[in-house]
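Undergrad: mind looking at a prediction? Sequence and model below.
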Amino acid sequence: MSRPIVATIDTSALRHNLAVARQAAPRSRLWSVVKANAYGHGLARVWQSLSATDGFALLGLEEAILLRESGWNKPILLLEGFFHADELPILDRYRLTTSVHSNWQIQALAKAKLSAPLDIYLKMNSGMNRLGFQPAQVHQAWQKLKTLANVGEITLMAHFAEAESSAGIAEPMARIEQAAEGLSCPRSLANSAATLWHSETHFDWVRPGIILYGASPSGDWQDVASSGLRPAMTLNCEVIGIQSLKAGDGVGYGARYRVTGEQRIGVVACGYADGYPRHAPTGTPVWVDGIRTQVVGAVSMDMITVDLTPCPQSGIGSSVEMWGQNIKIDEVAKAAGTVGYELMCALAPRVPVKVI
Ligand SMILES: *Cc1c(COP(=O)(O)O)cnc(C)c1O
């Protein structure tokens, strides 16, 4: 080992979180969402820990092919569908379920030469206004898909913009009901927040992502603290330097923190080039030698400075947790004005990963 930083991926936490998601939606089948390289955890590393799932949902063909070639032969869903018609032979070859959100995709399906029909997720726009057919267009799209020999089972799919708020479900659900009237097809609507907090959205397939990795869909750990979720990723490093400073001394770039009395500052081997958020301000929690303390001063590329006042026993080589078991990734994200999703996805390739 050279530089003392490592991300640990806890496969038992992944297995456990999948079970928590299943308990929350016991009558539904479950897509484990593993887009963005399993939210930064490494798809190749973690998919087997989630293999009790009913299917994997992701975006990239490369990731889908990786799963097939690693031996996964149950469903795979392309959440954004195919991007160009010439991908359809690959979907055919690897038997991928695809979302369909635009008329051009229906036309491409009509023209393609496939060995067998593909299952389709007909994506409707329930108010997020990103991808999908407007409610009034869903019937026509469904009817058209029904006539195509290349189309197998059709599932109605929607995605919530505000499922973490209690009021965020009613309007989209009304649009979904309007679109689904008279259609007899399975439905898949629920992300993590809806899986945990809105059982009326569960239907046939739920699609949790963030909760599998043990973070909160609302960005606030308190909201999931009682759910039993366990953080799957822990980012550890060590103290590599100590400065004993006196009142008025500045710390780090721009002297963004100034010491007000005698203070011991620890220099920690983790920076924004490792994926730690550069916007994390003084006060962001960090765990040193088993004690909660705080980041002080600017986050630099390869180092962070921390207050060692609460940890007088600490010194060079003391262990530091940036996020994980003790400091929830949601706490760090919140302090930095972002969400746990972004931090886990942004874990830098240079950080060595240990799988336990
Ligand atoms: C990312 C994504 C999900 C999972 O969202 P989480 O908030 O991580 O649970 C579900 N459905 C779609 C369409 C997505 O893009």
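TA: Thanks, I have the structure now.

Undergrad: can I get the helix or strand harbouring residue 305 in CSV? Just the C-alpha atoms.
TA: Applying DSSP states H and E as the criterion places residue 305 in strand 304-307. Presented in CSV, the C-alpha positions along strand 304-307 are these (Å, rounded to 0.1, in the frame of the first residue of the first chain):
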residue,chain,number,x,y,z
ILE,A,304,-8.0,17.9,3.8
THR,A,305,-7.4,19.6,7.1
VAL,A,306,-9.3,18.6,10.2
ASP,A,307,-9.7,19.9,13.8
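
Undergrad: contacts for that strand, please.
TA: 239, 251-252, 257, 263-268, 270-271, 276, 280, 286, 288, 293-297, 320, 322 (C-beta atoms under 8 Å, 6 or more residues apart in numbering). (C-beta placed from N, C-alpha, C; glycine too.)

Undergrad: so of these, which ones are in strands?
TA: Of the positions in these, 239, 251, 257, 263-268, 286, 288, 293-294, 320, 322 sit in strands, assigned by DSSP state E.

Undergrad: list the buried ones in the lowest-mean-pLDDT helix or strand in the chain?
TA: Here the helix or strand of the chain ranked lowest by mean pLDDT, DSSP states H and E is helix 170-180, holding a mean of 91. Of the residues in helix 170-180, those buried by neighbour count under the rule 16 or more other C-beta atoms under 10 Å are 172, 173, 175, 176, 179, 180.

Undergrad: what's the closest of these to the ligand?
TA: Set against the ligand, the nearest of these by C-beta to the nearest ligand atom is residue 172 (13.0 Å).

Undergrad: how about that closest one: what's its closest non-neighbour residue?
TA: The shortest distance from residue 172 to any non-neighbouring residue, by C-beta to C-beta, 6 or more residues apart in numbering, is to residue 126 (3.8 Å).

Undergrad: helix or strand: which one has residue 244?
TA: Assessed by DSSP H and E, residue 244 sits inside strand 233-245.

Undergrad: tilt between that strand and strand 319-323?
TA: Angle, strand 233-245 to strand 319-323, by axes from the mean of the first three to the mean of the last three C-alpha atoms, to 10 degrees: 120 degrees.

Undergrad: kindly export strand 233-245 (C-alpha atoms) in PDB.
TA: The C-alpha trace of strand 233-245 is given here as PDB (Å, rounded to 0.1, in the frame of the first residue of the first chain):
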ATOM      1  CA  MET A 233     -19.300   2.300   0.900                       C
ATOM      2  CA  THR A 234     -16.800   3.500   3.600                       C
ATOM      3  CA  LEU A 235     -14.000   5.900   2.600                       C
ATOM      4  CA  ASN A 236     -11.100   5.700   5.000                       C
ATOM      5  CA  CYS A 237      -7.700   7.400   5.000                       C
ATOM      6  CA  GLU A 238      -5.100   8.400   7.600                       C
ATOM      7  CA  VAL A 239      -3.600  11.500   9.200                       C
ATOM      8  CA  ILE A 240      -0.300  12.200   7.400                       C
ATOM      9  CA  GLY A 241       0.600  15.500   9.100                       C
ATOM     10  CA  ILE A 242       0.000  17.600  12.200                       C
ATOM     11  CA  GLN A 243       0.300  21.300  12.700                       C
ATOM     12  CA  SER A 244       0.100  22.900  16.200                       C
ATOM     13  CA  LEU A 245      -1.100  26.400  15.600                       C
END
